[in-house]
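Enquirer: Provide a 3D model corresponding to the input given below.
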Amino acid sequence: EYLMHFNPDGAIVVTTPQGVSLSDVRKEISFCRKLQIPLLGLIENMSGFVCPHCEECTNIFSTGGGQALANLSNIPFIGKIPIDPTIGLSMEDGKFIESKKSLEVLTNFVQS
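Expert: Now for the predicted structure:
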């Protein structure tokens, strides 16, 4: 209710692939629709883990829950962001550490 005083352009909802998170995000989607806040898209965070040694992405949780919820809710799916220690380290050091996988993830995310 207080959010409407700020006249938001819309909302981007973020979930992880696990069922508990998906359940919470369903409530957020209902909240936005009830208040007539446009849903700009959905992001699946923690979608896999990128190994800092070989850069292979392993699904340590589940995957695809965000995409499925976006499809079910008729919301644009923006993309998946894996846990990537390289990105975290680069942010802490204030410099960009290039890794093939992190560049691929960031490029795909920005293009979505």
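Enquirer: For whichever strand or helix holds S30, buried residues please.
Expert: S30 is part of helix 19-34, with elements assigned from DSSP states H and E. Neighbour counts over helix 19-34 (16 or more other CB atoms under 10 Å) mark S21, L22, V25, E28, I29, C32 as buried. C-betas here are computed from N, CA, C, even on glycine.
Enquirer: Of all residues in this structure, which one is nearest the centre?
Expert: I43 (2.7 Å; CA atoms, centre = their mean).
Enquirer: Show me which positions of whatever helix or strand that one lives in end up buried.
Expert: Per DSSP H and E, I43 falls inside strand 39-50. Neighbour-count burial for strand 39-50, counted by 16+ other CB under 10 Å, picks out L39, G41, L42, I43, E44, M46, S47, G48, F49, V50.
Enquirer: Contacts made by the helix or strand just after it with the rest, please.
Expert: Using DSSP H and E, the helix or strand that follows strand 39-50 in sequence is strand 57-58. With contacts defined as CB atoms under 8 Å, 6 or more residues apart in numbering, strand 57-58 is touched by G48, F49, V50, C51, P82, K101.
Enquirer: who's the second one bridged to?
Expert: Applying DSSP bridges to F49 gives these bridge partners: T58, I83.
Enquirer: what's in contact with stretch 4-22?
Expert: Taking CB under 8 Å, 6+ apart as the rule, stretch 4-22 contacts 24-25, 28-29, 32, 35, 37-47, 59, 61-66, 69, 75, 78.
Enquirer: end to end, how far does that stretch reach?
Expert: Stretch 4-22 has an end-to-end distance of 24 Å (criterion: CA to CA, to the nearest Å).
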